[in-house]
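Novice: my questions are about this predicted structure, shown below with the sequence.
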Amino acid sequence: MPPVWSVLRRHPFLRVWVIGGCGLAVATAIGLLVVAGVRPQAGLEATLLDGVGPDARTVWVGHDATLDPEAVASANGIPPDRPFAVQWQGDLVATVPGAHHLRARVDDGIGIWVKDRLVIDRLDHRGEIQQSAPIELEPGLHPIRIRYEQIGGDAVLRLWCASPVWREEFGLLRTRVVPHGTTFTSVLLAAQIPLLLATAWSVWILLGVLLGSAAMLASAGGIDRISSALGWPEVVTLAIVALPLLAANLWIGTAPWRGWVGDEIIPSQVLDAWEMRFAGGWFDMYPALPFYLFMIVNSPSVLLMGTGPVEFGAALQTLTHLMSRGLSLGFAWLTLLAVALLADRTIGGRARLLAPYVVLGVPLFAFYSKTYNPESAYTFWVTAGAVAFVRAASTGSIAAHAWLGVFAAASVATKDQAYGCWIGPALVLLWSAWRKADGGALARLRATALHRGLWAGLSATVLTYSVVSGAWWNLDGLRAHFAIITGRGSTPFRMFSPTLSGFNQLAATAVALFGQTIGPVAVVLTLIGLAVLAVSGTGRRFWIVLSIPVGYCLTFVGVVGYVYDRYLIVVVVMLALAAGAGWAWIVERMPKGRTLSVVAYAAVLLVVLAPTLVLNVRIAGDSRRDAERWMRETLTGDPLVLGTGSSLYLPNLYPFLHEIEPRASTDNLLSWNADVIVVYEDWFGRRSQPRVDRVRQVLDAAGYRERFASRRDPPNAWMALLFSALNIDSSLSSLAKIDPPLAIWVRERRAVAAGDNRRDE
């Protein structure tokens, strides 16, 4: 049997994936044929007039897809610098209800009618001008008429349109208009079929990336399939429990491209990098591998962007953001499998079943599975590398050393700080090679220097990193990336002085933060597990795994001099093995009756998972979502909305004319003369900023009234202890910024001054 068919026969998921790809290819061919049959003609019916007055003579009537008056005039024998007029007629496509916005840049005159209503009236203008106007539309086709008049000089006309969900991101109007006679059904089919195909292909590619990563994990562990080591019932049970907790609220903050957590990689960043083809000196705060994976998974959507007669920008933007977050979700799930496999190879017994649930019960882990931050991916690479490390240390396998090098390189190319995870294992493997060598010191030194496993690991590390970091085609960008992370991307964040006293303070902060991050239940389980493993003498391989978090804390956290809860996620995962051992010890002492045992086990499981359950409830009821709903239902007309502080912790203001004011003085807030002010209350009270009660007094005196408020009540002592991971100081954790305190102030007495600063679009 050919090797390919042999692999497919042994791996049912891979077989389904290949068959699915073949089916998608057929569906794509059929879908493109359907689109070709229903695709509406681009452009509008056009009439060219020689002159602009009542005596203007019709020169040409036809179809024009450019909406470019200079091109129309030149093609029909009229010099573009002499007076002429062009009139276009057709239908404007609206796919969502609400206030759409038209924008025109014109030299000289422009008039636009939608549904026989004059929305832009500048036909009598001479010279260049930009103007925009809102218009309320329901989904469907709406008659549009555009008249352009050229008096002399340059013939300039640029038209854009923005949808309600993203009013300040304008796409070219010619992608939103169709000739009269086009049906709305054909418009939707022509746009939605490619979108559905792009979605299907992105999901297929995403599954391929995850299946490939799982295959790498299995190879690192020296097995054919993960399920053969862990057991199908255990894997399926873990999937049923974990995937809903990890995937809940995955879509929040995906449209527009804004994210809802600090430092999330958003699609616009990746597409900006793609325009440079990740070369020519391109760099970012994060390494290159997350950007490459984003492009691989979203390549169907990137190919689709900007094509076709109708552009559904918001839908594609949401899709790319969801697919990138799907990568985080997938890597989080693979991390749980890797934890189970690592526990199986180090502690064994029930710990391999229980350790993944300890990790799942840590809100920090579940939180980053819902965003496209590098945490989920680099945590998986580190955990998979730990599996290879245990195998390399115990068997001396050359393949295990090589896989360790691959995973180490991938982790560092995903998040630079992962380098600290591999200094301890490197020292352990060097010591192991030295100890196993025969002869005197010189002979041992020679044997260690020539150790084939060590050279395999080093070669795999260098080769893999040079590729996935882009060093071969973007060395200047890699240098610039190193410059930023060792300079302004790191130095200003130092919390503790580089002294013995500062190091002690850093260590105490890290220990306390670790305890808060995993919560009191997991702390107790970890301490029990460490004691059991120390007293029983079992789990020898577990102790060498601790070289990963210990080395990481000493060579990264101790060097940079600052720590956040997300920096401890690798420590959490490694010590979850001990927590699994502690939980297994408790299970062995539970009531032996079947019913009592099941009830007791379920009760402990519920307590362990409770923090993540509460996390998802809190995210689902986030104040930003409530504020967005209130604004959509309440604010009418076209108000100017001012947001205070960082846009990350504000509701989505894009459907409105808006500004963000990062400076928090009351004078700055009032200077905008805004109709609505959205106050992120935690933004105030900092150094050189007014207290929030002072802001309320000033707004009230200025004629604003608080019409919406969402403020979370502080938890009681017991709840604060049990769910401590959700109540960490906001300067040390992004989790504390969930459900931010928001207030919306609406001006009831609008005093428009002569110097009104209301922004003119």
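Specialist: Cool, got the structure.

Novice: surely Asp108 touches Glu149?
Specialist: Yes. The pair Asp108 / Glu149 is scored as a contact, 6.0 Å apart, by C-beta atoms under 8 Å. Where C-beta positions appear, they are placed from N, C-alpha and C, glycine not excepted.

Novice: any idea of the pLDDT on Ala155?
Specialist: Predicted confidence (pLDDT) for Ala155: 85.

Novice: show me the contacts for it.
Specialist: 69-70, 73, 80-81, 84, 107 (C-beta atoms under 8 Å, 6 or more residues apart in numbering).

Novice: out of those, which is nearest to Val96?
Specialist: Pro69 (29.9 Å; C-beta to C-beta).

Novice: just checking, that closest one touches Tyr148?
Specialist: Yes. Contact criterion C-beta under 8 Å: Pro69 and Tyr148 qualify, at 4.8 Å.

Novice: which residues do these two both contact?
Specialist: Common neighbours of Pro69 and Tyr148 (C-beta under 8 Å, 6+ apart) are 86, 157.

Novice: just the ones of the contacts of Ala155 in helices?
Specialist: 69-70, 73 (DSSP state H).

Novice: out of these, flag the one nearest to Ala410.
Specialist: Glu70 (52.2 Å).

Novice: look up how far Glu149 lies from that closest one.
Specialist: 13 Å (C-beta to C-beta, to the nearest Å).

Novice: run through the stretch 51-200 of the chain and note the low-pLDDT ranges.
Specialist: Low-confidence segments of the stretch 51-200 of the chain, defined by pLDDT under 70: 166-168.

Novice: just the strands in it please.
Specialist: 57-64, 84-94, 98-107, 109-114, 117-122, 129-137, 140-150, 156-162, 171-172, 177-178 (DSSP state E, counting those that start in this stretch).

Novice: helices and strands around the first one, which ones?
Specialist: Secondary-structure packing of strand 57-64 (3 or more C-beta pairs under 8 Å, 6 or more residues apart in numbering; DSSP states H and E): strand 44-50, strand 84-94.

Novice: switch the cut-off to 10 Å
Specialist: strand 44-50, helix 69-75, strand 84-94 (3 or more C-beta pairs under 10 Å, 6 or more residues apart in numbering; DSSP states H and E).

Novice: distance between it and the chain's centre?
Specialist: 49 Å (C-alpha atoms, centre = their mean, to the nearest Å).

Novice: residue ranges with poor pLDDT in the stretch 251-400 of the chain?
Specialist: For the stretch 251-400 of the chain, the ranges with pLDDT under 70 are 255-259, 306-313.

Novice: what touches both of Asp108 and Glu149?
Specialist: By C-beta atoms under 10 Å, 6 or more residues apart in numbering, Asp108 and Glu149 have these common neighbours: 52, 83, 122-126, 155.

Novice: let me know whether Pro520 touches Ser724 as I believe.
Specialist: Yes. Using C-beta atoms under 10 Å, Pro520 makes contact with Ser724 at a distance of 6.9 Å.

Novice: list the buried residues for stretch 111-130?
Specialist: 111-114, 119-120, 122-123, 125 (16 or more other C-beta atoms under 10 Å).

Novice: starting at the chain centroid, how far to it?
Specialist: 40 Å.

Novice: could you dump that stretch to PDB, C-alpha only?
Specialist: Taking Å, rounded to 0.1, in the frame of the first residue of the first chain, the C-alpha atoms of stretch 111-130 are listed here in PDB:
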ATOM      1  CA  GLY A 111     -25.600  66.400  -6.900                       C
ATOM      2  CA  ILE A 112     -26.700  63.000  -5.600                       C
ATOM      3  CA  TRP A 113     -30.300  61.900  -5.300                       C
ATOM      4  CA  VAL A 114     -31.300  58.600  -3.500                       C
ATOM      5  CA  LYS A 115     -34.900  57.600  -3.700                       C
ATOM      6  CA  ASP A 116     -35.600  61.000  -5.300                       C
ATOM      7  CA  ARG A 117     -34.200  62.700  -2.200                       C
ATOM      8  CA  LEU A 118     -31.400  65.200  -2.800                       C
ATOM      9  CA  VAL A 119     -28.700  64.100  -0.300                       C
ATOM     10  CA  ILE A 120     -25.700  66.000  -1.600                       C
ATOM     11  CA  ASP A 121     -26.400  69.400  -3.300                       C
ATOM     12  CA  ARG A 122     -23.200  71.100  -4.600                       C
ATOM     13  CA  LEU A 123     -24.000  71.600  -8.300                       C
ATOM     14  CA  ASP A 124     -23.400  75.300  -8.000                       C
ATOM     15  CA  HIS A 125     -19.900  74.800  -6.400                       C
ATOM     16  CA  ARG A 126     -16.800  75.900  -8.200                       C
ATOM     17  CA  GLY A 127     -13.500  74.400  -7.100                       C
ATOM     18  CA  GLU A 128     -12.600  71.300  -5.100                       C
ATOM     19  CA  ILE A 129     -14.600  70.200  -2.100                       C
ATOM     20  CA  GLN A 130     -15.300  67.100   0.100                       C
END
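
Novice: out of Glu70 and Glu149, which sits in the busier spot?
Specialist: Glu149 (26 against 20; other C-beta atoms under 10 Å).

Novice: show me what that one is bridged to.
Specialist: For Glu149, the beta-bridge partners are Ala85, Gly109 (DSSP bridges).

Novice: same question for the one 10 residues further on.
Specialist: Going by DSSP bridges, Leu159 is paired in beta bridges with Ala104.

Novice: didn't it look like it was pressed against Leu67?
Specialist: Yes. If you go by C-beta under 10 Å, Leu159 and Leu67 touch, sitting 5.9 Å apart.

Novice: residues contacting Tyr288?
Specialist: Residue 288: Ala, not Tyr. 273, 278, 282, 413-414, 467-471, 474, 477-478, 481.

Novice: for Tyr562, which non-adjacent residue is closest in space?
Specialist: Closest residue to Tyr562 apart from its sequence neighbours, by C-beta to C-beta, 6 or more residues apart in numbering: Met495 at 4.2 Å.

Novice: now the one you found: how far from Val557?
Specialist: Here Met495 is placed at a distance of 11 Å from Val557 (C-beta to C-beta).

Novice: more neighbours, the two?
Specialist: Neighbour totals were compared for Met495 and Val557, and Val557 leads with 22 against 15 (other C-beta under 10 Å).

Novice: report the separation between that one and Gly385.
Specialist: 19 Å.
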